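Q: using only what follows, build the 3D model:
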Amino acid sequence: MRFFHYKGKRIRPSNQSLVYRFVMLSTLGIFLLTFLPFHLKFFASTDWTVNSFQGHFISPYGCMTLCISLVVLTVFGYLYYRYGSRHFKSIIHRQKLAKMILENGWYETKTITQDSFFEDGPAGKTKEKISAFPKMYYRFKDGHLHIQVEIKLGKYQEPLLNLETKLESGLYCELVSKELHDSYVEYILFYDMISNRVTIDEVTTQNGKLKLMKSLYWEYDQLPHMLIAGGTGGGKTYYILTLIEALSKTDAKLYILDPKNADLADLSTVMSDVYHTKDDIQACIEQFYEEMMTRDENMKAMPNYQTGKNYAYYDLSPRFMIFDEYVAFMSLLNSKESVAVLNQLKQIVMLGRQSGFFLILACQ
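A: Coordinates of the predicted model:
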């Protein structure tokens, strides 16, 4: 049992001006660290008069040290812009989260009275002070933003439990998952989709994981089956072809189903098990199902069989059935055929992970 779990940096009311404070303090700090060492002797011996300061800092030596400090500050600024953009983005995110809470009024206040400094002065003034601010934490890890919010069954519970839309649009991220834990909810978002893109050659498969982006993998051994959805011209076919190329470089066996007899069907010139006619597709689905059931029985008959171990433990290769325009194909079947195909697909979805049989379905 873990007694301490790092949730991230706490979002506080003062974070509403976090960018300004960070820029000003870091700029002033770097400038002073590079400027003051040149003038320590002067500060130790000066008589602290205006004339002495003017005479020292407008001298050639004072101007030269000022220029050196500005050059160093410029170099630091460039290096931070070049290599620290991720850190600065996190500061912007934390400021946005603080402003989101404040502008929506998701906090409690109390009225306090300030007494006058003088006994005979006017009566104390009153002002509003934040008495309760939601516990929200921000953390960046492995290309994902983890935002955790404490749930206290208060009057702001509903908006805090439904932050998906605000976070996606405000932080320009994609929600990956929303997990409820004891006393808090965690939003996990995929950050910076553009810079995380990879080329087709970089889409690789290894150890049950298929790389989709720099920090995003499809772990089909853990999360079997894939559904690809999108409108006409949205890039589904190119995406499927990318998956096929990556999987074809492994020991996986592929079955390609293209009822439209279009781009994927053309792969029949370089690959086996490519089907486009109604009868052939039905036969392939049935064959895929039967092979899965046979492997499942064979695995249990192995002398080294262990409950809970999957196909990879027994050095068996995975098999993928890539089915384009699945919904359109189902509309071509009569009721009896449709029931038979659906039953087989349901069994594959339910039992496929253990035996290494995976579905990749695409539809509009």
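
Q: now do the contacts for the residue minimising distance to the centre of the chain.
A: Centroid check for the chain by CA atoms, centre = their mean gives Phe190 as the closest residue, at 1.8 Å. Neighbour list for Phe190: 143-145, 173-176, 196, 213, 215-216 [criterion: CB atoms under 8 Å, 6 or more residues apart in numbering]. The way it works is simple: take the backbone N, C-alpha and C, and place the C-beta from them, glycine included.

Q: quick one, phi psi at it?
A: For Phe190, the backbone dihedrals (degrees, to the nearest 10) come out as phi -90, psi 130.

Q: look at it and report its pLDDT.
A: You'll see Phe190 listed with a pLDDT of 86.

Q: how about the nearest residue to it, chain neighbours excluded?
A: Glu174 (4.5 Å; CB to CB, 6 or more residues apart in numbering).

Q: for that neighbour, which three-state class applies?
A: strand (DSSP: H, G, I helix; E, B strand; the rest coil).

Q: count the residues that sit near Thr65.
A: 18 (other CB atoms under 10 Å).

Q: most surrounded residue in the contacts of Phe190?
A: That'd be Leu145 among those, by other CB under 10 Å, with 23 neighbours.

Q: so which elements touch the helix or strand where Phe140 lies?
A: Assigned by DSSP states H and E, Phe140 belongs to strand 136-141. If contacts are counted by 3 or more CB pairs under 8 Å, 6 or more residues apart in numbering; DSSP states H and E, strand 136-141 sits against strand 9-10, helix 85-104, strand 144-150.

Q: list the buried residues of whatever helix or strand comes next after the last one.
A: To tie it back to what came earlier, the one meant is strand 144-150. The helix or strand immediately downstream of strand 144-150 is helix 157-161, counting by DSSP H and E. By neighbour count on 16 or more other CB atoms under 10 Å, the buried set for helix 157-161 is 159-160.

Q: so what touches helix 157-161?
A: Applying CB under 8 Å, 6+ apart, the set of residues contacting helix 157-161 from outside is 104, 106, 134, 149, 151, 185.

Q: one more time with 10 Å
A: Outside of helix 157-161, the residues within contact range by CB atoms under 10 Å, 6 or more residues apart in numbering are 100-101, 104-106, 134, 136, 149-152, 154, 166, 178, 180, 184-185.

Q: are any of these buried, and which?
A: Here, 16+ other CB under 10 Å leaves 100-101, 106, 134, 136, 149, 151, 184-185 buried among those.

Q: make TSV out of the residues you listed and add distance to Ile348 and pLDDT.
A: Below are these laid out as TSV (distance: CB to CB, whole Å; pLDDT from 0 to 100):
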residue	distance to Ile348	pLDDT
Met100	43	94
Ile101	46	93
Trp106	46	91
Pro134	44	91
Met136	42	94
Val149	38	93
Ile151	38	88
Tyr184	37	90
Val185	33	93
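
Q: where does the chain have low pLDDT?
A: 1-4, 46-48, 50, 53-57, 114-124 (pLDDT under 70).

Q: got the domain ranges for it?
A: 108-191, 200-363 (automatic domain parsing).

Q: assess the claim that the residue nearest to Phe190 and Glu168 are in contact.
A: Yes. Between Glu174 and Glu168 a contact is recorded at 6.5 Å, counting by CB atoms under 10 Å.

Q: tell me, what's touching the two both at once?
A: 189-190.

Q: any idea how many residues pack against Ile169?
A: Actually, residue 169 is Ser. It isn't Ile. 9.

Q: brilliant, that's me finished.
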